[in-house]
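In: Sharing a sequence plus its predicted fold:
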Amino acid sequence: LPESRLYQSNDKSPLQIFVRAKKKINDIYGEIEEYVHETTTFINALHAEAEIVDKAERELFESYVYKVAAIREVLQRDHMKVAFFGRTSNGKSSVINAMLREKILPSGIGHTTNCFCQVEGSNGGEAYLMTEGSEEKLNVVNIKQLANALCQEKLCESSLVRIFWPRERCSLLRDDVVFVDSPGVDVSANLDDWIDNHCLNADVFVLVLNAESTMTRAEKQFFHTVSQKLSKPNIFILNNRWDASANEPECQESVKSQHTERCIDFLTKELKVSNEKEAAERVFFVSARETLQARIEEAKGNPPHMGAIAEGFQIRYFEFQDFERKFEECISQSAVKTKFQQHSSRGKSVSGDMKSMLDNIYERITIFRNLKQDQKNLLTERIQGTETQMMQVTREMKMKIHNMVEEVEEKVSKALNE
Ligand code: GTP
Ligand code: MG
């Protein structure tokens, strides 16, 4: 892979909200794991020594070890997921490539993407593919080969190909954003399966429209189903191919306001997923192809406008960046809530349960200790009593012996005299 461009970390990115939250919750769970291990060892020892803890309790503590380990594993894999939908050729794959700053996904005229493609970050600088149901890593040496591999894989349109791309090549991948590209919503009859298989854990949806035409019934229907299955999905709308409007400057503004109004109505009145103000922040007019070209030029050290397709490049480029910023804010906040809220309340309940069990055990230990102390006291009392008795007996014996000796002495001297 060419190593011409390595992206530096951007700590001001809103994605850091998620990155930091993930680190924090992982650290906390690391501590919980240690604490659970220590406690289990202690509880096992208690069981072996004094039988204060019964078998059921021991088993319950051991189950916490597994529970915490399982949550830790899920946590390490948690990511932010964005899924792109829209009609064939609207530029879904091009938008993802522009965000990744590299032409990773195949794009082209006609029906290009023929199954779901998920792009996610890989460690160790490796690039490879994995198809559904197989653990085999298909190595990808270059992008052309990736496109060929995707074409050759005879896959059903709702199956998933996972593309692992080196994290260090793109800051979004580094910060755990996962991209899901889809075939056009107009080419499938299985939209319900698509939603069930690929959308239920998406944090953000991006509807990519073609600004040269208007939103189609298939696109609308798809999002109606999404919003029935998910409560208030986060939806962004990109009116792509906006560079085409440069050819008709006289009607540019009126077309823009017509599209804007329709998009806002769709989000507010039809889907009812946001209010007017929020919806206005979710609609953008961009050119994915131009943005990608500009970014490729930038990476070569050239000014971005060298990638311009038409008049008005700068405005469209800014608008794409504005979209990315708002998208980053939205996805990281949403992912923190949906992915971590549950884990933190589970962590709380595990530590709460353990605490009350330990309190209970502590109470039993205290009672046990008091009982032992009482027994000890009783024993001491008895010993003390016996000691006094012994002393008395000894004293009496001494007297007796003394008397006996005297008597014997007396008797002996009397006998001698006689
Ligand atoms: P499918 O995978 O077939 O569903 O299409 P898609 O939505 O992924 O579209 P894709 O990204 O493959 O783009 C289709 C064609 O439109 C390609 O030739 C792109 O280069 C071109 N294209 C994409 N975005 C733009 C844009 O903003 N402006 C212009 N002029 N062309 C674009
Ligand atoms: Mg595509």
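Out: Looks like it arrived, so ask away. Ligands and ions are numbered 1, 2, ... in the order given.
In: Quick check, the residue in the stretch 251-400 of the chain closest to ligand 2?
Out: A288 (10.8 Å; CB to the ion). (Glycine included, C-beta is placed from N, CA and C.)
In: ok, now which ones touch that residue?
Out: 91, 94-95, 97-98, 208, 238, 240-241, 320 (CB atoms under 8 Å, 6 or more residues apart in numbering).
In: try it again with 7 Å
Out: By CB atoms under 7 Å, 6 or more residues apart in numbering, the contact set of A288 is 91, 94-95, 98, 240.
In: got the residues you listed as TSV, with pLDDT and neighbour count columns?
Out: As requested, these are exported to TSV (pLDDT from 0 to 100; neighbours: other CB atoms under 10 Å):
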residue	pLDDT	neighbour count
G91	97	25
S94	97	24
V95	98	28
A98	98	25
N240	98	28
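In: Who are the contact partners of E62?
Out: Listed by CB under 7 Å, 6+ apart, the contact set of E62 reads T40.
In: Looking at it now. What's its pLDDT?
Out: The score at E62 is 89. That number is its pLDDT.
In: So which residues of the protein form helices?
Out: 16-49, 55-77, 92-100, 143-152, 171-174, 191-194, 217-229, 252-265, 276-280, 288-299, 313-335, 341-417 (DSSP state H).
In: most packed of the ones you listed?
Out: Of all these, helix 92-100 has the most neighbours on average by mean count of other CB atoms under 10 Å, namely a mean of 26.
In: how near is C251 to ligand 1?
Out: 18 Å (CB to the nearest ligand atom, to the nearest Å).
In: Now do the contacts for that residue.
Out: Neighbour list for C251: empty [criterion: CB under 7 Å, 6+ apart].
In: Look up the closest residue to the residue of the stretch 251-400 of the chain closest to ligand 2, ignoring the ones flanking it.
Out: Take A288 and drop its neighbours on the chain: the residue closest to it by CB to CB, 6 or more residues apart in numbering is S94, 3.9 Å away.
In: Extract the residue ranges of the stretch 201-350 of the chain that are flagged as low pLDDT.
Out: For the stretch 201-350 of the chain, applying pLDDT under 70 flags no range at all.
In: who in it is up against ligand 2?
Out: Counting by CB under 5 Å from the ion, no residue of the stretch 201-350 of the chain lies close to ligand 2.
In: Looking at the stretch 201-350 of the chain, which residue is nearest ligand 2?
Out: V208 (9.3 Å).
In: What residues does the chain have near ligand 1?
Out: Selection of the chain residues close to ligand 1 by CB under 6 Å from any ligand atom yields 86, 88-94, 107-109, 111-113, 183-184, 240-241, 243, 287-290, 309.
In: Take those residues and keep only those in strands.
Out: Cross-referencing these against strands under DSSP state E gives N240.
In: my guess is V65 meets T39, correct?
Out: No. Look at V65 against T39 with CB atoms under 7 Å: they stay out of range, at 9.3 Å.
In: ok, now which ones touch the residue lying closest to K272 once chain neighbours are set aside?
Out: Distances taken as CB to CB, 6+ apart place S227 nearest to K272, at 7.7 Å, with adjacent residues excluded. Neighbouring residues of S227 by CB under 7 Å, 6+ apart: 233, 271, 273.
In: I figured L267 hits S274, correct?
Out: Yes. Contact status for L267 versus S274: in contact at 5.2 Å, counting by CB under 7 Å.
In: What's the local residue count around the closest residue to ligand 2 within the stretch 101-250 of the chain?
Out: Closest to ligand 2 within the stretch 101-250 of the chain is T113: 3.1 Å, counting by CB to the ion. T113 has 24 neighbours, counted by other CB atoms under 10 Å.
In: Equivalent analysis for the one 4 residues further on, please.
Out: Using other CB under 10 Å as the criterion, C117 is surrounded by 25 other residues.
In: So the closest residue to it other than its chain neighbours versus G91, what's the distance?
Out: Leaving out its chain neighbours, the residue that sits closest to C117 by CB to CB, 6+ apart is D181, at 4.4 Å. Noted for D181: a distance of 11 Å to G91, by CB to CB, to the nearest Å.
In: coming back round to it: thought the residue nearest to A288 was touching S287?
Out: No. Look at S94 against S287 with CB under 7 Å: they stay out of range, at 9.0 Å.
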